[in-house]
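Participant: sequence and predicted model, in that order:
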Amino acid sequence: QVQLTESGGGLVQPGGSLTLSCAASEHTFSSPAMGWFRQAPGKVREFVAAIEKADGSTHYLESLKGRFTISRDDAKNTVFLQMNSLRPEDTAVYYCNALNDDLYLVDRNFWGQGTQVTVSS
């Protein structure tokens with residue numbers, strides 16, 4: 001079973017930064033990749049970024065390249081999302097999840113509680 005705990009969200013002013021963390025079970029973290037997703041109010045959940053286990057290759061939503069950075073600490077079964085130059089449109093609940101070799105969700109029916117990011121002055 002996928003096990004995930006997201007943290008690090010909060011209220012930040014436009015232009016500010018936040019780093020999100022996602023702690024996963026060893027089983028979950030052994031997946032071929034880990035990804036971050038977000039869901040803004042009234043919108044569908046969208047892909048944000050992914051990082052592959054084998055070689056650390058990263059993938060981003062095109063519009064976020066240069067502002068967001070995904071990384072992982074395999075020793076701690078944790079994946080991070082560094083978010084810089086935050087904008088009000090980045091406001092959302094952020095989730096992480098396990099991905100398969102094709103970077104699709106391992107279990108689309110399971111999500112952690114997420115962590116709220118609010119960008120506002």
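Facilitator: Here it is on my side, so go on. Worth saying up front: this structure is predicted, and the values here are computed from it rather than measured.

Participant: ok, and the closest non-adjacent residue to the most centrally placed residue in the chain?
Facilitator: Closest residue to the average C-alpha location of the chain: Trp36 at 2.3 Å, with Cα atoms, centre = their mean. Nearest residue to Trp36, sequence neighbours excluded (Cβ to Cβ, 6 or more residues apart in numbering): Val48, at 4.2 Å. Every C-beta, even on glycine, is put in place using the N, C-alpha and C of the backbone.

Participant: ok, the one you found touching Tyr94?
Facilitator: Yes - the pair Val48 / Tyr94 is scored as a contact, 7.2 Å apart, by Cβ atoms under 8 Å.

Participant: any shared contact partners between those two?
Facilitator: 36-38, 81 (Cβ atoms under 8 Å, 6 or more residues apart in numbering).

Participant: just those now: which is nearest Ser121?
Facilitator: Checking the shared contacts of Val48 and Tyr94 against Ser121 with Cβ to Cβ, the nearest one is Arg38 at 20.2 Å.

Participant: just how off-centre is the helix or strand hosting the closest one within its chain?
Facilitator: Element membership of Arg38, judged by DSSP states H and E, is strand 33-39. Its chain's C-alpha centre and that of strand 33-39 lie 4 Å apart, by Cα atoms, centre = their mean, to the nearest Å.

Participant: for the helix or strand following it, which strands pair with it and how are they oriented?
Facilitator: Once the chain leaves strand 33-39, the next helix or strand it forms, by DSSP H and E, is strand 46-52. The strands beside strand 46-52 in its sheet (DSSP bridges) come out as strand 33-39 (antiparallel), strand 58-60 (antiparallel).

Participant: which residues of this protein score low on pLDDT?
Facilitator: 1-2 (pLDDT under 70).

Participant: that one: strands as residue ranges?
Facilitator: 4-7, 10-12, 18-24, 33-39, 46-52, 58-60, 68-73, 78-83, 92-99, 115-119 (DSSP state E).

Participant: report the inter-axis angle for the last one versus strand 33-39.
Facilitator: Looking back up the chat, that one is strand 115-119. When axes from the mean of the first three to the mean of the last three Cα atoms, to 10 degrees is applied, the directions of strand 115-119 and strand 33-39 differ by 50 degrees.
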